[in-house]
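> show me how the following folds:
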Amino acid sequence: MTTTPFDELLNAARQEREPQRLLFVFVTAELPDDATEEERQRFEENAGGSLKPVLCVDKLPEELSSFAALREESQRTGVAWDLFFAAALPGLAGITPGADDAEEPLKMMVAAIETGNIGRFLAFDRDGQTVDFY
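Numbering: from 1, shown residues only. Next up is the predicted model:
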């Protein structure tokens, strides 16, 4: 099995001094109805459009064995997605953040993605490879 950049993220999270909870926001890429011809062309080249959050989840690194496991779990939801963003919520004094602790940070991630403020998150494609925006 090939290691992906996402798998490297999992391994790094497991090795952090403080326990981590990983936050994921899955998105679809969309083209607005009023898009210009240039915007349509860029979208066809996978270089444009807007991102719409469609699914959020938080996981402990130990709950995922690999990117393949995350992708398989996401497919079971029946929700289509194109990319996902990841962030980590660190624990404090050895205490692992709970699912309740992740609720507000996930909402903040969704709001940031909706306004295009994605620079502080890691982005991954459907193959677990990182995506750069420029």
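
> residue 70 should be in a strand, yeah?
No - counting by DSSP: H, G, I helix; E, B strand; the rest coil, residue 70 is not found in a strand; it is helix.

> ok, now which residue in the chain is the farthest from the centroid?
Relative to the mean C-alpha coordinate of the chain, counting by Cα atoms, centre = their mean, the farthest residue is residue 37 (29.1 Å).

> residue 70: neighbour count?
Counted with other Cβ atoms under 10 Å, the neighbours of residue 70 add up to 24. Heads up, the C-betas are built off the backbone N, CA and C, glycines and all.

> I figured it was touching residue 64, is that so?
Yes - counting by Cβ atoms under 8 Å, residue 64 is a contact partner of residue 70 at 5.4 Å.

> in the chain, spot the helix with the most residues.
Ranked by number of residues, the top helix in the chain under DSSP state H is helix 99-114.

> I'd like the next helix or strand past it.
Downstream of helix 99-114, the next assigned helix or strand under DSSP states H and E is strand 122-124.

> quick one: the strands in this structure, in order.
For the chain, the strands defined by DSSP state E cover 20-30, 50-59, 83-90, 122-124.

> can I get the ones you listed in CSV including distance to residue 104?
Output for those, formatted as CSV (distance: least, Cβ to Cβ, whole Å):
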stretch, distance to residue 104
strand 20-30, 11
strand 50-59, 11
strand 83-90, 10
strand 122-124, 20
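
> make TSV from those strands and add mean pLDDT to it.
Shown next, in TSV, are the strands of the chain (pLDDT from 0 to 100):
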stretch	mean pLDDT
strand 20-30	95
strand 50-59	94
strand 83-90	96
strand 122-124	95
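
> got those as TSV, with distance to residue 43 and mean neighbour count columns?
Shown next, in TSV, are the strands of the chain (distance: least, Cβ to Cβ, whole Å; neighbours: other Cβ atoms under 10 Å):
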stretch	distance to residue 43	mean neighbour count
strand 20-30	7	20
strand 50-59	9	17
strand 83-90	14	20
strand 122-124	17	19
